[in-house]
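J.: Let's see this in three dimensions:
(one chain, ligands or ions: 2)
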Amino acid sequence: MDDQKEWPEPIVRVQSLSESGAAVIPSRYVKPPSERPCLEPPSSSDDGEGLGIPVIDLGRMAGGGVDCPAKIREISDACRDWGFFQVVNHGVSPDLMRRMREVWREFFHLPMEEKQRYANSPQTYEGYGSRLGIQKGAILDWGDYFFLHLLPPSLKDPNKWPKLPSSCRETVEEYGRELSNLCRAVLGALSTSLDLDAGYLQRAFGGDDVGVCMRVNYYPRCPQPDLTLGLSSHSDPGGLTVLLADDHVKGLQVRRAGAWVTLQPLPDAFIVNVGDQVQVLSNAAYKSVEHRVAVNAAAERMSVAFFYNPKSDLPIGPSPELLSPERPPRYQPMTFDQYRLYIRQKGPRGKSQVDSLLKSSPPCHYSTTVNSDGS
Ligand code: OGA
Ligand code: NI
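T.: Numbers count the residues shown, from 1 in each chain. Ligands and ions are numbered 1, 2, ... in the order given. I've put the predicted structure just below:
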């Protein structure tokens, strides 16, 4: 069961359901009333409130770090307060961002037979997928995705990346290099903002041996968007997530003080959020905040989530430098290999996973099996 090789039920592509033109979604996608999205009334003018999360101007030249004390302070406030922020002037070229969106939009619009060559399995999740979690009978999310590994080199297999469109592989390579640089710089700023030395979190992640993977999310149009979600509430299990979202179709919602705030990405910005591993390393000074995706009837939406993670076999626990008698360690250490089996088996489930590491809760024994490929 733990290393299940196949999905428990035949996979249905959400894109096919959407394109069938049916006016009603299958009951497998209907969420219980408490989980349904609160869709905003359509408004002709943006009320400004939609910006929500802090916007941080990194003022960063390509390859440069972030060391201005005022910016560090903004980042610290954003990580404590929201767990999310947008970055502008981040040093990644808008042209590369545009090309990345373009190749993936083209991929998802290829004929189904072409995409099916990359159909994924729950063993590694690499490839074209339509569900997270392997629980039979689970209520599913209204989205398809493509998942791939960039690092470590042993997990990177460009042959599993789409051959079409023809520029896909080289665009992903270039994007991977640029985003890894950005993540390293942001992680440096996060370290400094926690009063740690700038290289601290990068070292805690394993130095040059970090793990990097990517999920391109594709949310087709949905005839009943008020009944379902494109991605159920979750916090990201890894270290840091940098999201390239559509700037003309909203959908991402972040939990704040019990309410859901819909984000409005700025043009050419990235959305950055703290993952569970940073929450653990910072001993909960920084929060990995729950988020989810609402879908809509009028337009499809796409996003590219870039995950920057600790080396998968290092035990990750609260940093000793951040502990004191007043601030005892809140979490028990666990490797990321063990940790991510939870979301891979159970699917997105709010913050139940990181909470299971709390010292006061009984140790969780969901599984200690690690796939042979280390994913
Ligand atoms: C994710 C995620 C948000 C989005 O992939 O983990 O939260 O807007 N995506 O697609
Ligand atoms: Ni997420």
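
J.: What segments of the stretch 1-150 of the chain are helices?
T.: Counting by DSSP state H, counting those that start in this stretch, the segments of the stretch 1-150 of the chain that form helices are 14-19, 69-81, 94-108, 112-116.

J.: which residues touch the first one?
T.: Contacts to helix 14-19, defined as Cβ atoms under 8 Å, 6 or more residues apart in numbering, come from residues 25-26, 29, 108, 112, 130, 141-144, 218-223, 300. From N, CA and C alone the C-beta is placed, and that goes for glycine too.

J.: The residues you listed in strands, which ones?
T.: Counted as lying in strands by DSSP state E, out of the contacts of helix 14-19, are 144, 218-219.

J.: of all those, which comes closest to ligand 1?
T.: For ligand 1, the nearest member of the ones in strands among the contacts of helix 14-19 is Tyr219. The distance, counting by Cβ to the nearest ligand atom, is 7.1 Å.

J.: who's the closest one bridged to?
T.: Arg301 (DSSP bridges).

J.: so how far is Val249 from it?
T.: Noted for Tyr219: a distance of 9 Å to Val249, by Cβ to Cβ, to the nearest Å.

J.: swap in Gly176?
T.: 25 Å.

J.: just Ser312 next, same as before
T.: Relative to Val249, Ser312 is positioned 33 Å away (Cβ to Cβ).

J.: And for Gly206?
T.: Following Cβ to Cβ, the distance that separates Gly206 from Val249 is 36 Å.

J.: Likewise for Ser16?
T.: For Ser16, the distance to Val249 equals 20 Å [Cβ to Cβ].

J.: what's the answer for Lys346, then?
T.: Remark: distance between Lys346 and Val249 (Cβ to Cβ) = 28 Å.

J.: ok so, going back, of Ser16 and Val249, give the one with the bigger neighbour count.
T.: Of the pair Ser16 and Val249, Val249 is the one with more neighbours under other Cβ atoms under 10 Å, namely 17 against 12.

J.: And for the nearest residue to that one once chain neighbours are set aside, the neighbour number?
T.: Among residues not flanking Val249 along the chain, Arg301 sits closest, at 4.2 Å (Cβ to Cβ, 6 or more residues apart in numbering). By other Cβ under 10 Å, 22 other residues sit near Arg301.

J.: Touching, Arg301 and Asp247? I think so.
T.: No - judged on Cβ atoms under 8 Å, Arg301 makes no contact with Asp247 at a distance of 10.6 Å.

J.: PyMOL command to pick out the buried ones of the contacts of helix 14-19?
T.: Burial among the contacts of helix 14-19 is assessed by 16 or more other Cβ atoms under 10 Å; the matching PyMOL selection reads:
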select buried, resi 25+29+108+130+141+142+143+144+218+219+220+221+222+223+300
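
J.: Which ones among the contacts of helix 14-19 also lie next to ligand 1?
T.: Among those, no residue sits close to ligand 1 (Cβ under 6 Å from any ligand atom).

J.: Grab the longest helix from the chain for me.
T.: The longest helix of the chain (DSSP state H) is helix 168-193.

J.: Would you mark the buried spots in that helix?
T.: In helix 168-193, counting by 16+ other Cβ under 10 Å, buried: 168-169, 171-172, 175-176, 178-193.

J.: Who are the packing partners of it?
T.: If contacts are counted by 3 or more Cβ pairs under 8 Å, 6 or more residues apart in numbering; DSSP states H and E, helix 168-193 sits against helix 69-81, helix 94-108, strand 144-151, helix 200-204, strand 211-219, strand 240-245, strand 270-274, strand 301-309.

J.: I'd like those as a markdown table, with mean pLDDT appended.
T.: As requested, these are exported to a markdown table (pLDDT from 0 to 100):
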| stretch | mean pLDDT |
| --- | --- |
| helix 69-81 | 93 |
| helix 94-108 | 98 |
| strand 144-151 | 98 |
| helix 200-204 | 98 |
| strand 211-219 | 98 |
| strand 240-245 | 98 |
| strand 270-274 | 98 |
| strand 301-309 | 98 |
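
J.: These: which one's closest to Ala119?
T.: Closest to Ala119 of the helices and strands packed on helix 168-193 is strand 144-151 (Cβ to Cβ; 10.6 Å).

J.: who's in contact with the closest one?
T.: For strand 144-151, the surrounding residues in contact (Cβ under 8 Å, 6+ apart) are 13-15, 104, 107-108, 118, 120, 125-130, 155-157, 160-162, 172, 176, 180, 210-218, 220, 375.

J.: Give me the buried entries from those residues.
T.: Among the contacts of strand 144-151, those classed as buried by 16+ other Cβ under 10 Å are 13-15, 104, 107-108, 118, 120, 125-130, 155-156, 160-162, 172, 176, 180, 210-218, 220, 375.
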